[in-house]
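[1] sequence? don't have it. structure:
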Ligand code: CA
C-alpha cells in the first residue's frame, strides 16, 4: 500500500507543485490549506506522514504539531520552514516535529527526507511491544493482563495473540491469510471465518461500541487494520 501524506500548505503554487511531485512518486496526497483544517484532518484520519508548513493562516504549523502531539498522535511530521526561521526549526523539533526542510528546497531533498521518515516510522511500528495502551485499554503482553477503564478483561490465548499481531502491525492492513499464517500457523480446520469470529470477540471486549470500532477496523475484501 502506498503511503498516505497530508500536505498542509497555504501557497497554492506550492500545493500544486508538491502534490504533483508526491503523486508522481506514488504517494497518496491529501491537502489542507490552513492550520485548523490541517489539524482537524491530521487528528481524525490515518496518515503515514504530514508535511506541515510553519506559516499558515488560522493556526501556525508549530501549534498544529504541538496540539497533535498533545492528542497523542505520533504521525511523523516534516516541517517546512523559511530560511530565516531558525527559531521555528528549533521549537519545531522540540514540540515533536520529526524533521524539517528549509524553503526554498529542491525536490530530491524533500523526497529523501520523506522516504527516510517513512522508513523510520515503519521500523518503529514493527518493533514488538511488551505493553501497549489504546483508548482506555491497557495490555501487558508479558503477563497477559488486559484492563479496560481500569477493570480486568479476560482474553483467551488466541485472542491475545491476534491482538498482539494486530498491534505489532498497527497502521498497516493485515490480510486474513497473513493472520492464518502468523497467528494460527495454518492449523487444520481454521478458516478465515475463525479469524472474523475472534475479531468480533476482541471488539466486544475492547471497543466502546463493537458495531463502530475505533481501533480494530475492517478493510473490506482484505482484512483488518489496528489503529491506536
Ligand atoms: Ca505558508
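    Nice, thanks for sending it over. Only a predicted model underlies this, so the values are computations on that prediction, with no experimental measurement involved.
[2] now do the contacts for the residue of the chain found nearest the ion.
    Residue nearest to the ion within the chain: residue 55 (3.9 Å; C-beta to the ion). Yep, even glycine has a C-beta here, placed from its N, CA and C like the rest. Shown here is residue 55, whose contacts under the criterion C-beta atoms under 8 Å, 6 or more residues apart in numbering are 10, 61, 82.
[3] against residue 51, how distant is the residue lying closest to the last one once chain neighbours are set aside?
    Read that as residue 82. The shortest distance from residue 82 to any residue other than its chain neighbours is 5.4 Å, reached at residue 103 (C-beta to C-beta, 6 or more residues apart in numbering). From residue 103 across to residue 51, the span is 12 Å (C-beta to C-beta, to the nearest Å).
[4] any shared contact partners between the two?
    Taking C-beta under 8 Å, 6+ apart as the contact definition, residue 103 and residue 51 share the neighbouring residues residue 80.
[5] so between these two, which is more surrounded?
    Legend: neighbour count by other C-beta atoms under 10 Å for residue 103 and residue 51, higher for residue 51 (26 against 16).
[6] quick one: neighbours of residue 187, just the number.
    By other C-beta under 10 Å, 10 other residues sit near residue 187.
[7] list the buried residues for the helix or strand of the chain with the lowest mean pLDDT?
    Using mean pLDDT, DSSP states H and E, helix 86-94 stands out as the lowest-scoring helix or strand of the chain, at a mean of 74. In terms of neighbour count (16 or more other C-beta atoms under 10 Å), helix 86-94 has its buried residues at 88-89, 91-92.
[8] same deal with stretch 109-119?
    110, 113-114, 117-118.
[9] stretch 214-228 too?
    Buried positions in stretch 214-228, judged by neighbour count with 16+ other C-beta under 10 Å: 215-216, 223-226.
[10] please name every helix or strand in contact with the longest helix seen in the chain.
    The helix of greatest length in the chain, counted in residues with DSSP state H as the criterion, is given as helix 107-126. Here helix 107-126 touches helix 12-24, strand 49-53, strand 77-82, strand 99-103, going by 3 or more C-beta pairs under 8 Å, 6 or more residues apart in numbering; DSSP states H and E.
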